[in-house]
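S.K.: Sequence unavailable; structure follows:
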């Protein structure tokens with residue numbers, strides 16, 4: 001059997017060989033680094049994703065060796081397959097840089113500036129995109145669109161004002177669950193994600209829509225407002241689960257498990273398991289198994305993201321030496337115990353086990 005022919009494609013002056021059918025985005029991801037176009041709607045584990053957000057636009061300076069003419073318009077790299085001899089410009093093209101600024105500005109037209117209270121802060125792809133590819137200001141002067149709050153189930157919180165209509169959650173529910181009951185309603189600027197006749201999303205794998213959402217539109221109610229992601233320490237863990245692969249990331253603070261997520265790669269996508277299948281997890285693992293005794297801990301996980309999630313964690317960390325006792329010659333005296341004077345911070349109440357957000361009202365009810 002003859003070997004498969006490989007196509008040579010050059011992205012920002014870096015040449016790589018890839019099989020036919022590979023998209024420009026996939027080829028750029030094999031190269032890695034800054035030449036890789038950003039992607040908000042494309043998700044390699046979901047069939048049909050891509051081609052909607054336009055953040056991955058690139059310039060094709062030469063179509064192929066056989067036809068070296070440039071493509072007149074910028075193309076979506078997630079939907080454009082490579083040709084042998086193709087030359088692509090990403091960050092080396094002024095047209096691309098200018099176009100990405102415009103796309104970011106468009107995505108932020110209706111997105112609220114509520115990052116300080118958003119649970120996605122610190123791991124939000126739109127934050128990364130706006131910082132790396134956006135402009136310093138906006139020309140938009142009109143009111144942002146707003147939506148009525150809608151309850152879509154006991155475990156998932158929908159904030160439609162933050163949604164950028166990437167369709168990832170729709171594809172996830174369609175391809176992982178038996179009966180998808182949510183999708184995009186209306187058209188144009190009135191388009192919104194909603195459920196059919198106000199039904200609740202309760203399918204066993206419905207929690208995966210939280211993992212695929214690139215912004216804070218779909219968040220975990222069991223983790224909501226309980227902690228910041230950069231205060232948590234992620235560890236790899238697994239358990240024998242009859243429904244899913246059981247391979248997850250636990251997010252600790254102290255000895256409390258605040259949330260459970262699927263394991264994600266450097267592109268923010270669910271990692272493949274040893275058998276080559278996507279590592280989607282079930283709702284039981286995600287929402288119900290939040291004790292260390294439920295899991296077999298494998299070790300610390302390094303989060304490959306442009307954020308502080310993995311900063312100052314215990315991987316290779318050296319604990320500083322205590323010097324107060326040496327200087328004073330005795331142990332320091334405790335002047336105040338915060339729990340004795342505070343009406344909020346009760347030592348017997350665990351944040352991770354609260355039924356809702358960690359507000360003062362919830363604490364007083366405990």
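M.R.: That came in fine, so what should we check first? If you're wondering where the values come from, they're calculated on a predicted model, not measured in any experiment.
S.K.: residue with max distance from the center of the chain?
M.R.: Among the C-alpha atoms of the chain, the one farthest from their average position, using Cα atoms, centre = their mean, is that of residue 329, at 49.6 Å.
S.K.: Relative to residue 323, how far out is it?
M.R.: Between residue 329 and residue 323 the distance, using Cβ to Cβ, to the nearest Å, works out to 12 Å. Using the backbone N, CA and C atoms, a C-beta is placed for each residue, glycine as well.
S.K.: same check, this time on residue 82
M.R.: Spatial separation of residue 82 from residue 323 under the definition Cβ to Cβ is 59 Å.
S.K.: who has more neighbours, the two?
M.R.: When neighbours are counted by other Cβ atoms under 10 Å, residue 82 and residue 323 differ, and residue 82 comes out ahead with 27 against 8.
S.K.: quick one, what contacts the residue nearest to the more buried one when sequence neighbours are not counted?
M.R.: Once its chain neighbours are removed from consideration, residue 82 has its nearest residue in residue 9; the separation is 4.3 Å (Cβ to Cβ, 6 or more residues apart in numbering). When contacts are counted by Cβ atoms under 8 Å, 6 or more residues apart in numbering, residue 9 is found next to 15-18, 22, 24, 27, 82-88.
S.K.: Mind doing that once more with 7 Å?
M.R.: With contacts taken as Cβ atoms under 7 Å, 6 or more residues apart in numbering, residue 9 has the following neighbours: 16, 18, 27, 82, 86, 88.
S.K.: Equivalent analysis for residue 257, please.
M.R.: The contact partners of residue 257, taken as Cβ under 7 Å, 6+ apart, are 250, 251, 290, 291, 292, 352.
S.K.: Am I right that residue 157 sits in a strand?
M.R.: Yes. With DSSP: H, G, I helix; E, B strand; the rest coil as the criterion, residue 157 is part of a strand.
S.K.: neighbours of it, just the number please.
M.R.: Neighbours of residue 157 (other Cβ under 10 Å): 20.
S.K.: And it, how far from residue 209?
M.R.: The span separating residue 157 from residue 209 equals 11 Å under the rule Cβ to Cβ.
S.K.: Where do the helices of the stretch 101-250 of the chain begin and end?
M.R.: For the stretch 101-250 of the chain, helices defined by DSSP state H, counting those that start in this stretch occupy the ranges 125-133, 168-176, 208-212.
S.K.: which one of these is the most hemmed in?
M.R.: Each of the helices of the stretch 101-250 of the chain was assessed for mean neighbour count using mean count of other Cβ atoms under 10 Å. The highest is helix 208-212, with a mean of 25.
S.K.: Against which helices or strands is that helix packed?
M.R.: Using 3 or more Cβ pairs under 7 Å, 6 or more residues apart in numbering; DSSP states H and E as the contact criterion, the secondary-structure elements in contact with helix 208-212 are helix 168-176, strand 218-220, strand 256-262.
S.K.: would you list the ones you listed in JSON lines and tack on mean pLDDT?
M.R.: As requested, the helices and strands packed on helix 208-212 are exported to JSON lines (pLDDT from 0 to 100):
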{"stretch": "helix 168-176", "mean pLDDT": "92"}
{"stretch": "strand 218-220", "mean pLDDT": "93"}
{"stretch": "strand 256-262", "mean pLDDT": "94"}
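S.K.: Present those as JSON lines; the columns should include distance to residue 52.
M.R.: Supplementary listing: those in JSON lines, determined by distance: least, Cβ to Cβ, whole Å:
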{"stretch": "helix 168-176", "distance to residue 52": "9"}
{"stretch": "strand 218-220", "distance to residue 52": "17"}
{"stretch": "strand 256-262", "distance to residue 52": "23"}
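S.K.: Nearest to residue 150, out of these?
M.R.: Residue 150 lies closest, by Cβ to Cβ, to one member of the helices and strands packed on helix 208-212: strand 218-220, at 12.0 Å.
S.K.: Show me which of the contacts of residue 257 are buried.
M.R.: Among those, those classed as buried by 16 or more other Cβ atoms under 10 Å are 250, 251, 290, 352.
S.K.: Closest to residue 34 out of those residues?
M.R.: Relative to residue 34, the closest of these is residue 251; by Cβ to Cβ it sits at 28.6 Å.
S.K.: Report whether that closest one is found in a strand, as I expect.
M.R.: Yes. The assignment for residue 251 is a strand, going by three-state DSSP.
S.K.: bridging residues for it?
M.R.: residue 234, residue 259 (DSSP bridges).
S.K.: Am I right that it is in contact with residue 234?
M.R.: Yes. Counting by Cβ atoms under 7 Å, a contact exists between residue 251 and residue 234, whose distance comes to 5.4 Å.
S.K.: Work out for me the element residue 29 sits within.
M.R.: Per DSSP states H and E: residue 29 is located in helix 24-31.
S.K.: And the helix or strand that that helix is followed by, what does it pack against?
M.R.: Moving toward the C-terminus from helix 24-31, the next helix or strand (DSSP H and E) is strand 57-62. Packed against strand 57-62, as judged by 3+ Cβ pairs under 7 Å, 6+ apart, are the following elements: strand 75-76, strand 86-89, helix 94-107.
S.K.: Columns distance to residue 167 on top of these, output as JSON lines?
M.R.: Below are the helices and strands packed on strand 57-62 laid out as JSON lines (distance: least, Cβ to Cβ, whole Å):
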{"stretch": "strand 75-76", "distance to residue 167": "14"}
{"stretch": "strand 86-89", "distance to residue 167": "25"}
{"stretch": "helix 94-107", "distance to residue 167": "14"}
